[in-house]
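Visitor: Predicted structure and sequence below. I'll ask about it afterward.
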Amino acid sequence: MQKIAAMVLTAALFTGFSGCSYVFYPRADDYAAKAKGSTSVETVLNLTTMMEASAEAAKGGTGNDQSMDDLHNQFHAFDNSLCCVDEAKRETPTYALAVTHNKELWAIFKRLWKFKDTQPQRDEHLELFKREIQELRATLEALK
């Protein structure tokens, strides 16, 4: 009985600490590989382009359709890739602004996910997400 309880507790902790990560979204790693640029900044810039295209494609849909699933995986790939930017660039105020934009994207995405089944809120949040990506892209271009 103790062994079963320990296994259940371990599984619960693993699930709780990993959240929605590559364990649950393994395609995020595929998107990161597709977006691979010659520098880490180019990689995240490529991911912003992919996310913007997926956000546009997700308009008009409902639920966790293919475009929304792609956007979700790309967003996880972006979030993980942003941490891999060169250390010298991570010390700059421009990188700090990019991190702030990323946090804003997370807030928008969480609301988007809540309204993924409800129109017109889904499309409104997708449009807001796209505008924030454009601001993020301008910041990343300055970081380049």
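Guide: Perfect, thanks for sending it.
Visitor: Which secondary structure element is home to the most centrally placed residue in the chain?
Guide: Here the mean C-alpha position of the chain is nearest to the C-alpha of residue 75 (C-alpha atoms, centre = their mean), at a distance of 1.8 Å. Under the criterion of DSSP states H and E, residue 75 resides in helix 66-82.
Visitor: now residue 48
Guide: Per DSSP H and E: helix 40-58 holds residue 48.
Visitor: Go ahead and measure how far stretch 108-128 is from the middle of the chain.
Guide: Its chain's C-alpha centre and that of stretch 108-128 lie 15 Å apart, by C-alpha atoms, centre = their mean, to the nearest Å.
Visitor: Same check on stretch 82-102?
Guide: 15 Å.
Visitor: and residue 134, what does it touch?
Guide: Neighbour list for residue 134: residue 52 [criterion: C-beta atoms under 8 Å, 6 or more residues apart in numbering]. (Each C-beta comes from the backbone N, C-alpha and C, glycine too.)
Visitor: can you give me phi and psi for it?
Guide: Main-chain torsions, residue 134, degrees, to the nearest 10: phi -60, psi -40.
Visitor: Report pLDDT for residue 121.
Guide: On pLDDT, residue 121 comes in at 95.
Visitor: I figured it was touching residue 115, is that so?
Guide: Yes: Residue 121 is within contact range of residue 115, at 3.8 Å (criterion: C-beta atoms under 8 Å).
Visitor: shared neighbours of those two, anything?
Guide: With C-beta under 8 Å, 6+ apart as the test, residue 121 and residue 115 reach no residue in common.
Visitor: before we move on, back to that, for the helix holding residue 48, C-alpha coordinates in CSV please.
Guide: Provided in CSV are the C-alpha atoms of helix 40-58 (Å, rounded to 0.1, in the frame of the first residue of the first chain):
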residue,chain,number,x,y,z
SER,A,40,19.6,32.4,-30.4
VAL,A,41,18.0,35.7,-31.1
GLU,A,42,17.2,34.7,-34.7
THR,A,43,15.6,31.5,-33.3
VAL,A,44,13.2,33.4,-31.1
LEU,A,45,12.5,35.9,-33.9
ASN,A,46,11.6,32.9,-36.2
LEU,A,47,9.3,31.6,-33.5
THR,A,48,7.5,35.0,-33.2
THR,A,49,6.8,34.8,-36.9
MET,A,50,5.4,31.3,-36.5
MET,A,51,3.3,32.3,-33.6
GLU,A,52,1.8,35.3,-35.4
ALA,A,53,0.9,33.1,-38.4
SER,A,54,-0.7,30.6,-36.1
ALA,A,55,-2.6,33.3,-34.2
GLU,A,56,-4.0,34.6,-37.5
ALA,A,57,-5.0,31.1,-38.7
ALA,A,58,-6.7,30.4,-35.3
